[in-house]
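*Asks:* Here is the input, now give the coordinates:
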Amino acid sequence: MREAPKRARSWILIVAVALQPGAALSQSQALEEEERVIAVDVFIELEADVPRGAGKVRSLPKGLHLDDFEVRIAGELRPVVSFLDPRSAIGRLIDSAGEPLPGELVEPWTIVLYFDLELAERDTLRWAAAELAERVADLVELGEVELVVAQKGRNRGLAPTRDAELLEAELAGMMIDPGGVHEVIEFRGEVLDAIRAGMGAGLGEVGAAELGRAFVAQEVAAVESRLDELLIHLSERDVQGSKRALFWVSDGFDLEPAKFYRSQGLEVTPGAPSLADRAAEIAATLASYGWVTFGLSPPAAGPGLVPGFRIGKWLYRARMPPMKGIGGTLIREERRDPEEARAYAELGDVYLEGDDPKSAQEAFERALYHFAGDPRTIKDQAAAKAGLGRALEAQGDFAEARQAFRHAVELDPDLASQYPQARPRLLEPLAFLEVLAQATAGRTVLDSDDLAEAVLSLSRRARLTYQISGWPQGSIQDLEVALLGSALELRHPRRARSGTPETVAAARARRLAGGDLVAGDLKVRAALDSKSEEVETLLVEVDRESLAGEDTGDRPIRVRVTLATGRPDGVPTVNHKRIEIASSQDDNPWRYRAPIAKLGAEEWIVVVVENVETGRWGAALID
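*Replies:* Sure thing, here's the model as predicted:
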């Protein structure tokens, strides 16, 4: 537990250490007094943006003190009680030449490498695994690294570790056979195939527009499900510190899916679902939990290609522009062996001719592994990808087959006529990654240099500690940090939280409806009482003593009830209701009633009840 600075002790009534922005009081074991004050950490990059500087940055001056900063939460000034610059001797390990080394004496980073197999394609996953494998030593130097391979609730991977060899081995497996099909791109491919086959003919203008809206809704629901899973994993993860970094591997998605369908000549009714607001909410929530986020998306050089100058097994990657006199990096590519790669590709063809598509798939995957993204073998890689597509198609895996065919065509456009089933691309896939980076003080990583800079930036963050007072409100608020007397725009997470935000409650409700999450420890009972053909009454009961938790004195129990209603189009509606239960009210169980529209045959309701102050919650499903 970190103590408050001595200069602040004279007036603090309660001090709790916040290992994350807005941590609940019960986590800090603070004393019960008249006022509740907690210390919250925010990490600031030591390179700030120059206003109107067209991308120019400037390092913060050394020797800064806590009095040099101003912190505002929702526009209100908050006391700054501590500032720790990693460039100082007490903040960093320093080598004999006076240069900082990776790692801090105070606290290591918690790092999550998150591969989403439903929002990324095989080559993206393979590329990201290879790039991250090159940075394993730097990452484990900074702190424990967790590897998550997420796929519709069946997450696998590696528990937090600083074992570089173990992490490299797991990433090597991802390089060979990453799996992964971008659910949205695949769905779009199926829609276009159906349209070409005449689907929608004879529906008329109105009917076709309604069909287009249904397509958009399905896409939005699919993406929302992936974002919910990411948010639940990060928000409910037990993190022993406030330094958190997320490396999210994804091909992204379109914030306005309707644009794609309209670009294909399909009308979409006005008011079709959008992901723009949801993306902003997710970014704000991750920022409020302190997750500095780096979105990894494939390089512009093409699917799986790794640019650079090669001599034998060595790869030289130039850095543009050169930094601090270092023009690039030299890497030994042990896995690159074009002759072995061609041998595996030929073996794949043999297996295909022998009607053994599974063995053919493995051979082509091995071929691509040993080609190692070398642009000099681009034609060979295109042929291997096409062979992989044929092997997958022969096994009935049409989604991944189309993905492989599209990548083959991207590498060798001459193959386009042979593989018309190549899938469509996203229109603006990086939009969400940029929203994430802006909100969390992260980066969008598009190539090796971006990744090197992203990892390095974690060592260039200063800890600023400020105080907030009051009990958790279950909300997200704007966070502003300014350097007094300077126009520099500091890079830091732009949101702070007070308790569990509504976005997390909504994600819980949606995940519970799909059977992908276990409810909290509060026992919630819910039922419907039909009053008419149009309206029903929702009845909710919760044990009052469990809901109240520890004695709150004269303070009311602050409760949030979240209702998620499933709809046939797949996009649930979510509403939140805040209720205060007077301390004098002793009804047990506590009951809540609300009128709702009568549920249809394919609709459902999830009720999430939460004590906003303690964070205890429970849920019930009605279908």
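*Asks:* got a list of contacts for the helix or strand where Lys379 lies?
*Replies:* According to DSSP states H and E, Lys379 maps onto helix 378-394. Helix 378-394 is contacted by residues 302-305, 338, 341-342, 345, 348-349, 351-352, 357-358, 360-361, 364-365, 367-368, 371, 373, 398, 400-405, 407-409, 411-412, 415, 418-419 when judged by C-beta atoms under 8 Å, 6 or more residues apart in numbering. C-beta here means a position set from N, CA and C on the backbone, and glycine is covered the same way.
*Asks:* Show the subsequent helix or strand relative to that helix.
*Replies:* Next along from helix 378-394, by DSSP H and E: helix 398-411.
*Asks:* which other helices and strands contact that next one?
*Replies:* Packing contacts for helix 398-411, counted by 3 or more C-beta pairs under 8 Å, 6 or more residues apart in numbering; DSSP states H and E, involve helix 122-134, helix 183-196, helix 378-394.
*Asks:* any idea of the angle that helix forms with helix 122-134?
*Replies:* 80 degrees (axes from the mean of the first three to the mean of the last three C-alpha atoms, to 10 degrees).
*Asks:* Of the helices and strands packed on helix 398-411, which is nearest Gly514?
*Replies:* Ranking the helices and strands packed on helix 398-411 by proximity to Gly514 (C-beta to C-beta) places helix 183-196 first, at 14.2 Å.
*Asks:* buried residues in that closest one?
*Replies:* Across helix 183-196, burial judged by 16 or more other C-beta atoms under 10 Å covers Glu183, Val184, Ile185, Glu186, Phe187, Arg188, Gly189, Val191, Leu192, Ile195.
*Asks:* With stretch 256-275 instead?
*Replies:* Glu256, Pro257, Ala258, Phe260, Tyr261, Leu266, Glu267, Val268, Ala272, Pro273, Ser274, Leu275.
*Asks:* before we move on, what about stretch 44-58?
*Replies:* Neighbour count says stretch 44-58 has Ile44, Glu45, Leu46, Ala48, Asp49 buried, by 16+ other C-beta under 10 Å.
*Asks:* Distance-wise, check the last one relative to Pro61.
*Replies:* Right, the one you point to is Asp49. 15 Å (C-beta to C-beta, to the nearest Å).
*Asks:* All the helices of the stretch 451-600 of the chain, residue numbers only.
*Replies:* With DSSP state H, counting those that start in this stretch as the criterion, the stretch 451-600 of the chain has helices at 502-513, 544-548.
*Asks:* which helices and strands sit right next to the shortest one?
*Replies:* In this structure, helix 544-548 packs against strand 557-566, strand 573-581, strand 604-611, with contacts taken as 3+ C-beta pairs under 8 Å, 6+ apart.
*Asks:* 7 Å instead, please
*Replies:* strand 557-566 (3 or more C-beta pairs under 7 Å, 6 or more residues apart in numbering; DSSP states H and E).
*Asks:* Please save the CA atoms from the strand it packs on in CSV.
*Replies:* Extracted C-alpha coordinates of strand 557-566, given in CSV (Å, rounded to 0.1, in the frame of the first residue of the first chain):
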residue,chain,number,x,y,z
ILE,A,557,-27.9,2.3,-0.6
ARG,A,558,-27.2,3.4,-4.2
VAL,A,559,-28.4,0.8,-6.7
ARG,A,560,-28.2,0.6,-10.5
VAL,A,561,-30.6,-1.6,-12.4
THR,A,562,-29.6,-2.4,-16.0
LEU,A,563,-32.1,-3.8,-18.4
ALA,A,564,-31.0,-5.3,-21.6
THR,A,565,-33.7,-6.4,-24.0
GLY,A,566,-32.9,-8.7,-26.9
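*Asks:* and that strand, what does it pack onto?
*Replies:* If you count contacts as 3+ C-beta pairs under 7 Å, 6+ apart, strand 557-566 packs onto helix 502-513, helix 544-548, strand 573-581, strand 604-611.
*Asks:* Quick check: neighbours of it in the sheet, parallel or antiparallel?
*Replies:* Strand 557-566 has its sheet partners listed here by DSSP bridges as strand 573-581 (antiparallel), strand 604-611 (antiparallel).
*Asks:* Tell me which of those strands sits most buried.
*Replies:* When those are scored by mean count of other C-beta atoms under 10 Å, the highest mean neighbour count falls to strand 604-611 (a mean of 24).
*Asks:* quick one: it to helix 502-513, angle?
*Replies:* Calculated by the same axes, to 10 degrees, strand 604-611 forms an angle of 130 degrees with helix 502-513.
*Asks:* which other residues reach strand 604-611?
*Replies:* Strand 604-611 is contacted from outside by 500, 505, 508-509, 512-513, 522, 524, 526, 538, 540, 542, 547, 549, 557, 559-566, 599, 616-623, using C-beta atoms under 7 Å, 6 or more residues apart in numbering.
*Asks:* Of those residues, keep whichever come out buried.
*Replies:* Buried members of the contacts of strand 604-611, counted by 16+ other C-beta under 10 Å: 500, 505, 508-509, 512-513, 522, 524, 526, 538, 540, 542, 547, 557, 559-566, 599, 616-622.
*Asks:* Okay, now stretch 426-444: how far is its last residue from its first?
*Replies:* Counting by C-alpha to C-alpha, to the nearest Å, you get 17 Å between the two ends of stretch 426-444.
*Asks:* Check what contacts that stretch and list those residues.
*Replies:* For stretch 426-444, using C-beta under 7 Å, 6+ apart, the contacting residues are 45, 185, 251-255, 259-260, 279-280, 283-284, 286-287, 291-295, 297, 450, 453-454, 457, 491-495.
*Asks:* Could you write me a PyMOL select line covering just the buried ones among these?
*Replies:* This is how PyMOL selects the buried members of those, with burial counted by 16+ other C-beta under 10 Å:
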select buried, resi 45+185+251+252+253+254+255+260+279+280+283+284+286+287+291+292+293+294+295+297+450+454+457+491+492+493+494+495
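*Asks:* Could you pick out which of the contacts of stretch 426-444 are located in strands?
*Replies:* Taking DSSP state E, the ones among the contacts of stretch 426-444 that sit in strands are Glu45, Trp291, Val292, Thr293, Phe294, Gly295, Arg495.
*Asks:* any chance of those in CSV, with distance to Tyr592 and pLDDT too?
*Replies:* As requested, the ones in strands among the contacts of stretch 426-444 are exported to CSV (distance: C-beta to C-beta, whole Å; pLDDT from 0 to 100):
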residue, distance to Tyr592, pLDDT
Glu45, 45, 92
Trp291, 33, 96
Val292, 38, 97
Thr293, 36, 97
Phe294, 42, 97
Gly295, 40, 96
Arg495, 29, 96
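*Asks:* and of those residues, the nearest to Ile38?
*Replies:* Closest approach to Ile38 among these (C-beta to C-beta): Arg495, at 16.6 Å.
*Asks:* ok, Ser235 - contacts?
*Replies:* Counting by C-beta under 7 Å, 6+ apart, Ser235 has contacts Tyr289, Val504.
*Asks:* Quickly note the distance from it to Val524.
*Replies:* 20 Å.
*Asks:* any chance you could map the helices in the stretch 301-450 of the chain?
*Replies:* 338-353, 357-371, 378-394, 398-411, 431-440, 448-457.
*Asks:* With distance to Glu580 and mean pLDDT as added columns, please give these in a markdown table.
*Replies:* Output for these, formatted as a markdown table (distance: least, C-beta to C-beta, whole Å; pLDDT from 0 to 100):
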| stretch | distance to Glu580 | mean pLDDT |
| --- | --- | --- |
| helix 338-353 | 66 | 92 |
| helix 357-371 | 59 | 91 |
| helix 378-394 | 57 | 90 |
| helix 398-411 | 50 | 81 |
| helix 431-440 | 31 | 95 |
| helix 448-457 | 43 | 91 |
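*Asks:* Dump these to a markdown table, plus distance to Arg78.
*Replies:* Output for the helices of the stretch 301-450 of the chain, formatted as a markdown table (distance: least, C-beta to C-beta, whole Å):
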| stretch | distance to Arg78 |
| --- | --- |
| helix 338-353 | 58 |
| helix 357-371 | 52 |
| helix 378-394 | 54 |
| helix 398-411 | 49 |
| helix 431-440 | 20 |
| helix 448-457 | 25 |
